[in-house]
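Chemist: pasting a predicted model and its sequence here:
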Amino acid sequence: MAFETSDVERKTVAILKVLSDSKSPLGSRVIARRLKDSGIELSERAVRYHLKLMDERGLTQLVGRRDGRLVTERGIDEVESALVSDKVGLVISRIELLAFRTDFDLDTLTGSVPINVSFFPKAGFDKALRVMKPVFDSDLCVSPLVATAREGEMLGTLRTPQDMIGLATVCSVVVSGVLLKAGVPMDSKFSGILQFRNSKPHRFVELIHYSGCSLDPSDIFIRAKMTSVSKVVSGGEGRILATYRELPAPCQPVLEQTIHKLNRARIGGVLATSNGKPVCEVPVEPNRIGMVLANGLNPVAAAVEAGIEVENYGMSTLTDYRKLVEFREILG
């Protein structure tokens, strides 16, 4: 009985999250489709059943004659205080889900890629673009390809708030996703602060393991202003956001081929690899390849360093690769 109750609560929170991300009432069909986009299989009939229970609890309210629902203030509180057991391991689960849902085809350059979404105040966006440009021109981001959205417009499954502009940057999980499709399993270990010396990656000075972490480590580092991305770009010394992953050593030929194809697609971010030997002072087990990847939020971190406000949703959703454009195309 306890398991059934927990399962109902998880589905309730998932539905509330969909409703809270929408400015307009949603029906069971739309909710079921958006849940599926997030990897949750729930039929329209099941959604209607849960909505009825949520109406009775005051979490949602019916709007109009049709089955459109809006989330109530009580429902929003429920989302914000979701079950602790659901939050444990959230980040690693999000990485695994995004990697699984990545269907980007390296040969046809079609399909979906994982993205980070950042929301900037309109007044500060032009300044942010100028600050971020040198980072996008460097090798310290995953890709120079981005997407933007004005208020009310969507980036993946996220709607841009009022008086904000959304920026989507390619997430490093794309590497895990394309390798997974090629049959190569990748173990995502941690996100950290990587120190650069003489324009080369030197060592990790801070790290947060994904397993058991309920918050995006990158956002924690950015909010704490622990980076100096702009200094690395201009002088080769400083600290950036990076991630560490491992994969089986026999997969190296596939890895090299995949990295080559990703580069042709304007996607990179691989800073260092090592077969069985330490990389950036991180021990690598025998028969394993250690890989250090630049974080896709490094340009955004540079904007925060310059005093620009930003709201980040790292590793948050996916978008069609064909919707991405070169960063220089959005410059005024």
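Modeler: Structure received. The shown structure was predicted, so the numbers you read here are calculated from the model rather than taken from an experiment.
Chemist: tell me how many other residues crowd the closest residue to Leu129 other than its chain neighbours.
Modeler: Of all residues not flanking Leu129 in the chain, Leu331 sits nearest, at 5.8 Å (CB to CB, 6 or more residues apart in numbering). No exception for glycine: its C-beta is placed from N, CA and C like everyone else's. When counting by other CB atoms under 10 Å, one arrives at 12 neighbours for Leu331.
Chemist: from the chain's centroid, how far away is the one helix or strand Ala128 maps to?
Modeler: Ala128 is part of helix 122-136, with elements assigned from DSSP states H and E. Put simply, helix 122-136 sits 20 Å off its chain's centre (CA atoms, centre = their mean, to the nearest Å).
Chemist: please apply the same query to stretch 229-239.
Modeler: 24 Å.
Chemist: what do you get for stretch 263-277?
Modeler: Worked out by CA atoms, centre = their mean, stretch 263-277 lies 19 Å from the chain centre.
Chemist: also stretch 110-118?
Modeler: 8 Å.
Chemist: quick one: buried residues of it?
Modeler: Gly111, Ser112, Val113, Pro114, Ile115, Asn116, Val117, Ser118 (16 or more other CB atoms under 10 Å).
Chemist: likewise stretch 206-224?
Modeler: Result for stretch 206-224 [16+ other CB under 10 Å]: buried residues Glu206, Leu207, Ile208, Tyr210, Cys213, Asp216, Pro217, Ser218, Asp219, Phe221, Ile222.
Chemist: just the closest of those residues to Glu281, please.
Modeler: Distances from Glu281 to those, taken as CB to CB, are shortest for Leu207 (10.8 Å).
Chemist: low-confidence regions, this structure specifically.
Modeler: Applying pLDDT under 70 to the chain flags the ranges 1-7, 38-39, 65-67, 82-89, 332.
Chemist: how about the strands in it?
Modeler: 60-63, 68-71, 112-121, 145-149, 154-155, 158-159, 164-170, 187-197, 200-209, 238-248, 270-275, 288-294, 311-320, 325-326 (DSSP state E).
Chemist: neighbouring strands of the last one in the sheet, and parallel or not?
Modeler: Each strand paired with strand 325-326, and its direction, by DSSP bridges: strand 145-149 (antiparallel).
Chemist: tell me how far the strand it pairs with lies from the chain's centre.
Modeler: With CA atoms, centre = their mean as the basis, the mean position of strand 145-149 lies at 14 Å from the chain mean.
Chemist: same deal with stretch 62-76?
Modeler: Worked out by CA atoms, centre = their mean, stretch 62-76 lies 28 Å from the chain centre.
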